[in-house]
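In: I would like the atomic coordinates for the input below:
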Amino acid sequence: MAERDILLDSTLDSVEIAEDAVLHDAQEIGFREEELHQIGMAVRETMVNAVVHGNRYNARKKVHLSVLKAADRLTVVIADEGEGFDMNSLPNPLAEENLLSTSGRGIFLMRSFMDEFDVVPGRTGGAEIIMSKKLPGQNNHTANGSGGQSAAPHQA
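Out: Numbering: from 1, shown residues only. Coordinates of the predicted model:
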């Protein structure tokens, strides 16, 4: 199992750096174009949330990115140094009153695009997003494609 760890600044430039790094690793282990797009979108959404909502662009705070490559899956862990958040307190983006909202769909997209998704309190005080995508043909995708199972927490 190969691993990559990157410490990123709390800037939107870091979003692109993280997405490029993860997509490079995903392509290396055999993900196809459709899965690469899904992984890229999930990483982009997670990074934007970490920079904007978690660290609030604070130059003293970092975003921690870990990528684990296994024979059958790619696991991405993104942790901010913010205050963290409670998944249960987030509004449902599919609720009628939220359909026209310009924000609030990031977590929904991450869960939809990845096979496993979890949010845990981060080691650095903020939120730690753990998400995995299984290689096609592993016969273990969720029936409705909505993801949402727990990924194993990253142990440093």
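In: could you pull out the strands in this structure for me?
Out: Secondary structure of the chain (DSSP state E): strands at 2-9, 62-69, 73-79, 116-121, 127-134.
In: only the buried residues of the lowest-mean-pLDDT helix or strand in the chain, if you could.
Out: Least confident element among the helices and strands of the chain, by mean pLDDT, DSSP states H and E: helix 106-113 (a mean of 84). Buried residues in helix 106-113, counted by 16 or more other Cβ atoms under 10 Å: 106-107, 109-113. For glycine as for every other residue, the C-beta is placed from the backbone atoms N, C-alpha and C.
In: can I get those residues in TSV including distance to Asn55?
Out: Putting those into TSV (distance: Cβ to Cβ, whole Å) gives the following:
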residue	distance to Asn55
Gly106	15
Ile107	17
Leu109	20
Met110	18
Arg111	22
Ser112	25
Phe113	23
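In: between these, which is closest to His64?
Out: Met110 (16.9 Å; Cβ to Cβ).
In: from Ala59, how far out is the closest one?
Out: Distance of Met110 to Ala59, computed by Cβ to Cβ, to the nearest Å: 26 Å.
In: for Thr11, same thing?
Out: Distance, Thr11 to Ala59, using Cβ to Cβ: 8 Å.
In: those two: who's more crowded?
Out: Using other Cβ atoms under 10 Å, the more surrounded residue of Thr11 and Ala59 is Thr11, with 14 against 9.
In: so who does the more buried one touch?
Out: 51, 57 (Cβ atoms under 8 Å, 6 or more residues apart in numbering).
In: for it, report the pLDDT, please.
Out: Per-residue confidence (pLDDT) for Thr11: 98.
In: please apply the same query to the one 4 residues further on.
Out: Val15 carries a pLDDT score of 98 in this model.
In: that one reaches Glu45, doesn't it?
Out: No - the criterion here is Cβ atoms under 8 Å, and Val15 misses it with Glu45 at 9.3 Å.
In: if you drop the residues flanking it in sequence, what lies closest to Thr124?
Out: Glu81 (4.5 Å; Cβ to Cβ, 6 or more residues apart in numbering).
In: how many other residues sit next to that neighbour?
Out: The burial count for Glu81: 21, using other Cβ under 10 Å.
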